[in-house]
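Undergrad: Here is my input; please provide its structure:
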Amino acid sequence: MQLCAVCDQQAPKYRCPACQVRYCSVGCCKKHKEECKPQARPATAAAPEGRQPCAGAEEPLAVHDLLNEDDQTDAVPLPSLKQLGESEALRDLLLNPHLRRLLAAVDGAQNKAEAMKTAMQEPLFVEFADQCLKVVEPADTEIY
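TA: Numbering: from 1, shown residues only. Next up is the predicted model:
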């Protein structure tokens, strides 16, 4: 996981549009502005209201900014994510309130790995995970 380039203590939430340095807070933004060395870069749209600790100088981080190389290899491409949203089989499974509670528990857990391990003991959750994988990584039709 990356750390703030200024304080080196917290995960960065923002990126300087002038030099691409990542930082975590208003204080770090101000400190960075004193030493910023801008790079030539095309202009971008302003950040949304309420997310402007450097007077509009930062951009929110994208997913690829938060993931290291190993995590990025496991990232699901956007078209596949859209297919998940369009899957009737997943939609049918999500009608089950028990599955929704399991998903909420995993999402809200402090220790996600442990929560996933527990959830994978539930046949309904395994069925959901399998269905997600079928959409994201469809099996090859050829047999080798």
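
Undergrad: quick one: buried residues of stretch 13-27?
TA: The neighbour-count check on stretch 13-27 (16 or more other CB atoms under 10 Å) flags 13-18, 21-25 as buried. Using the backbone N, CA and C atoms, a C-beta is placed for each residue, glycine as well.

Undergrad: where along this structure do the helices fall?
TA: Counting by DSSP state H, the segments of the chain that form helices are 26-35, 63-66, 69-73, 78-86, 88-93, 97-108, 112-119, 123-136.

Undergrad: Redo those as TSV? Include distance to residue 9 and mean pLDDT.
TA: Compiled in TSV, those are given as follows (distance: least, CB to CB, whole Å; pLDDT from 0 to 100):
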stretch	distance to residue 9	mean pLDDT
helix 26-35	9	86
helix 63-66	16	56
helix 69-73	21	53
helix 78-86	32	84
helix 88-93	39	93
helix 97-108	25	92
helix 112-119	22	91
helix 123-136	35	92
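
Undergrad: among these, which is nearest residue 5?
TA: Residue 5 sits nearest to helix 26-35 of all the helices of the chain, at 7.4 Å, using CB to CB.

Undergrad: Give me the packing partners of the closest one, helices and strands only.
TA: If you count contacts as 3 or more CB pairs under 8 Å, 6 or more residues apart in numbering; DSSP states H and E, helix 26-35 packs onto no helix or strand.

Undergrad: For the buried residues of stretch 13-27, give me TSV that also has pLDDT and distance to residue 114.
TA: What follows is the buried residues of stretch 13-27, written out as TSV (pLDDT from 0 to 100; distance: CB to CB, whole Å):
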residue	pLDDT	distance to residue 114
13	82	26
14	83	31
15	82	32
16	83	36
17	78	38
18	79	41
21	85	35
22	84	29
23	86	31
24	84	27
25	86	30
